[in-house]
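Undergrad: Sequence and predicted model, in that order:
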Amino acid sequence: MVNGDIWWHLRTGEYILETGSIPRANLFSYTNPDSTWIDLHWLFQIAMAVTYEQFGTTGLVLFKSLIGGAVFGLLFLTVRQRLPGILLAICWLPFIWIYAGRYHVRPEMFSHFYLAFTLYILHRHSVGDRQWIWLLIPLQIAWVNSQGLFILELCVLGAYSIDVQCCAKNRNKINSIWAVVLLCLVASLINPYGLEGALFPLELLGKVGGDQRAFFQLLAGETQGMAEFLATYGLDGVVRSVTPRWMFLTAPICIAALVWSSIKRRELVVYRWLLVLGFGYLAWNMNRNASLYAIVWGFILSGVLGDEVKNYNRGKSIANEDAFNLTGFVSGLVLVFIGFSVLSSAVDIIEKKEMTGTHNPVRRAGFGEHSWYNHDAARFVANLPGIDDVYVHYNGTGFAGLVIYHGYARGNATSKRVFADARLEANALTVLKDFLAVIGDTNQSLEAMELVLKKYSDTPPVLVFKNSDLMVRRKLLDGLIASENWRSVYLSSNPNLAAGITVFVPDDVVQVHGLDIVSIAVLRR
C-alpha cells in the first residue's frame, strides 16, 4: 500500500461511524476551518475504515485486489464468447500493465468497478438484454456517493445513447435509452449535498484544469499531462517509464483496429469512437487517468477484435482472398511490443533507472506498507502537548494524512489539525500557495517562513519537515538551529537519514511541558 491520501480517508470513515454524520465543513486543517467540504467519498471511507479496523493493511490490499479482479472480470465477460482465450490474454495484458501502474487504495478503485460495470451493462443491452439498462440508475446513486468520477457514467451512457439515436430503427428502444439518461441525471442529485454535490466534478475540474493547472502540478504530479511529460523528459522518457511506454504502444493498435471496424461498418462505431476520443483526451491531459484509459481502450480493442473473430468464424467477414488479416496482424504487433517492453523493463532493473517525479515509488507485491508511512513520527506529533496546529511538508502533503489519522480528535494531549492536506476540495487556493511558500526554495530563510505562518495564527505551529528538504535548504536549517524560538524535539532516520523526519516546536511549549531537545547537527554534515 503506497499513497498518502488513504490515512485521511480512513480517519474520515471512522469519524462518520463515530458521529453518524457526513462532514460538511473542513475538519482537518486550521488555515481554512470554515470552508465547505463536499465529501463524496463517504461510502468508500466507511468501507475502508471497517476493513482496516478488522484486517489492517492486509485487508485493504486484499480488498483493492479483489476490486481490481472484478473490474477485469466484468470486462472479460463482454468478449468471452467471441475471443479465444489466448487472444483475449494478449489483447488485455498491456492494458492490465498500464492499470497496475496506478492502482491504489483510493476512491478511484470504486469508480473503476462502476465504470467496468457500466460498460458491461451497455454491452448486455447492445446484444438484446434490454432490462439490464435500468441497473444504471442505482449504480449512479452508489457512484455519486463514492467518488467524484460519477460523471463518467453519464458520459459513457450519453455516448451509447447517441449511437442508438443514430443507428437504431426501434423508436421504443431510443425512448427507453433517453429515459434512463434522464433518470441517471436525477440520481446524481441523491447525495448528502444535493445539487452542490452533483456539480462538484465541474468545480474540481476548474481547479486542476483551469488557469491554475501548472500550480496544481507542483502539488500533485498525477495531474501532469502527456504533453508536459514529453516536454520534460522527451521520447527517452517514454522508453524508460512503463505507463507512457505502454500507452504509446497500444494507442495506434487500438485506433487502427477501430478504423478497420469503421470501414467494415460494424455496430457501435459511433459509441466506440466517442469513448476512444473522450478517454484518450482524459489520459493525455492527466497521467492519473491512465487507469481509465486502460479500462476503456482495452474494452474497445477487445470488442473490435471480438467482432472480427466472430464474423470470421461465421465466414461472413474476411474472405479467403483477403490479403490482410486484422487479427493476425494485431496479435503480431502486440507480441512484438510485449517483447520490447519486457526487454526495456529488464534494462531499467539492471541499470536501476527510475523516472523521478513521474510515477510512484517502486511497486512490490505483498500486503505491507511503504516505508515512508512513518507511524512512529506521526504518533509523536499527535501526542505533543500544548499545541494544536501542525505544518507538515513531507512528500508534499503525504505525511499530513498520517498526522490527521493519528492526531485528529483521538483523545491525545490535543487534537491536531494541519496547515494543508491533499483535499483539493477543502483547501483554498491561497492556502495551498502559502503551503508551498512556507518551505520555499533552496534559499528560504527562517524569517520568510515565519512571515507566512503568521498569516494564519499568532501562535506558531509544530513544524514537520522531511530531512532531505532541510538538507538542501541550508539557510533555513541554520536559522532553525540558531533560533531561540524553535527547538528540535524529534529526529528520525527511517528508512534513512535523508528520508527521515525532523520535528520543531516553539520554545515556550518545550519549557512548559519539559520536552527533550534533540540535536539535528547531523543534518548539516
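TA: Structure received.
Undergrad: Identify the residues contacting residue 41.
TA: By CB atoms under 8 Å, 6 or more residues apart in numbering, the contact list for residue 41 reads 9, 12, 107, 146-147. Where C-beta positions appear, they are placed from N, C-alpha and C, glycine not excepted.
Undergrad: In helices, which of those appear?
TA: Residues of the contacts of residue 41 located in helices (DSSP state H): 9, 12.
Undergrad: Now which of the contacts of residue 41 would you call buried?
TA: Buried residues within the contacts of residue 41, defined by neighbour count using 16 or more other CB atoms under 10 Å: 9, 12, 107, 146-147.
Undergrad: unless I'm mixing things up, residue 143 is touching residue 111, no?
TA: Yes. Residue 143 is in contact with residue 111 according to CB atoms under 8 Å; the separation is 6.9 Å.
Undergrad: between these two, which one's more packed in?
TA: Here residue 143 and residue 111 are compared on neighbour count by other CB atoms under 10 Å; more neighbours surround residue 143, at 30 against 23.
Undergrad: so that one sits in a helix?
TA: Yes. According to DSSP: H, G, I helix; E, B strand; the rest coil, the state of residue 143 is that of a helix.
Undergrad: before we move on, the earlier item: pick the one among the buried ones among the contacts of residue 41 closest to residue 273.
TA: Comparing the buried ones among the contacts of residue 41 against residue 273 with CB to CB places residue 147 closest, at 26.4 Å.
Undergrad: what's the burial count for residue 138?
TA: Neighbour count for residue 138, taken as other CB under 10 Å: 11.
Undergrad: where does it land on pLDDT?
TA: Residue-level confidence at residue 138 comes out at 97, pLDDT.
Undergrad: Let me see the contact set for it.
TA: Residue 138 makes contact with residue 187 under the criterion CB under 8 Å, 6+ apart.
Undergrad: cool, the one 3 residues further on as well?
TA: Each residue near residue 141 by CB under 8 Å, 6+ apart is listed here: 187, 190.
Undergrad: wait, isn't residue 139 in contact with residue 153?
TA: Yes. Under the contact definition of CB under 8 Å, residue 139 touches residue 153, with a separation of 6.8 Å.
Undergrad: Break the protein into its domains for me.
TA: Taking automatic domain parsing as the criterion, the chain consists of the domains 81-351, 375-524.
Undergrad: Quickly, which of these bottoms out on average pLDDT?
TA: Taking the mean pLDDT of each of those, the lowest value is held by domain 81-351, a mean of 83.
Undergrad: any idea how far that domain is from the chain center?
TA: Remark: domain 81-351 is offset 16 Å from the chain centroid, using CA atoms, centre = their mean, to the nearest Å.
Undergrad: In the stretch 401-525 of the chain, mark out all the helices, start to finish.
TA: For the stretch 401-525 of the chain, the helices defined by DSSP state H, counting those that start in this stretch cover 429-439, 446-453, 467-471, 474-482, 507-513.
Undergrad: With mean neighbour count and distance to residue 377 as extra columns, can I get those in CSV?
TA: Shown next, in CSV, are the helices of the stretch 401-525 of the chain (neighbours: other CB atoms under 10 Å; distance: least, CB to CB, whole Å):
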stretch, mean neighbour count, distance to residue 377
helix 429-439, 17, 17
helix 446-453, 16, 20
helix 467-471, 19, 11
helix 474-482, 17, 17
helix 507-513, 15, 17
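Undergrad: For residue 396, which of those is the nearest?
TA: With respect to residue 396, and counting by CB to CB, the nearest of the helices of the stretch 401-525 of the chain is helix 429-439 at 8.7 Å.
Undergrad: so what sits against both of residue 143 and residue 111?
TA: Overlap of the contact sets of residue 143 and residue 111 (by CB under 8 Å, 6+ apart) consists of 149-150.
Undergrad: Overlap in contacts, residue 139 and residue 153.
TA: Contact with both residue 139 and residue 153 is made by residues 114, 118, according to CB under 8 Å, 6+ apart.
Undergrad: So these two - more neighbours on which side?
TA: Shown here are residue 139 and residue 153; by other CB under 10 Å, residue 153 has more neighbours (24 against 20).
Undergrad: Against which helices or strands is the helix or strand the more buried one falls within packed?
TA: Assigned by DSSP states H and E, residue 153 belongs to helix 151-167. Packed against helix 151-167 by the contact rule (3 or more CB pairs under 8 Å, 6 or more residues apart in numbering; DSSP states H and E) you find helix 108-126, helix 136-144, helix 171-187, helix 269-285.
Undergrad: I'd like those laid out as a markdown table, including distance to residue 216.
TA: Output for the helices and strands packed on helix 151-167, formatted as a markdown table (distance: least, CB to CB, whole Å):
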| stretch | distance to residue 216 |
| --- | --- |
| helix 108-126 | 17 |
| helix 136-144 | 24 |
| helix 171-187 | 28 |
| helix 269-285 | 12 |
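Undergrad: Mind checking those for the one nearest to residue 386?
TA: Going by CB to CB, the one of those nearest residue 386 is helix 108-126, 39.0 Å.
Undergrad: any idea of the angle the closest one forms with helix 151-167?
TA: In this structure, helix 108-126 runs at an angle of 20 degrees to helix 151-167, with axes from the mean of the first three to the mean of the last three CA atoms, to 10 degrees as the basis.
Undergrad: Show me what helix 108-126 is packed up against.
TA: Counting contacts by 3+ CB pairs under 8 Å, 6+ apart, helix 108-126 is packed against helix 42-77, helix 136-144, helix 151-167, helix 290-313.
Undergrad: and those helices, which is most packed in?
TA: Sort those by mean neighbour count, taking mean count of other CB atoms under 10 Å, and helix 290-313 sits at the top with a mean of 23.
Undergrad: Let me know the angle separating it from helix 42-77.
TA: Angular relation of helix 290-313 and helix 42-77 on a 0 to 180 degree scale: 20 degrees, by the same axes, to 10 degrees.
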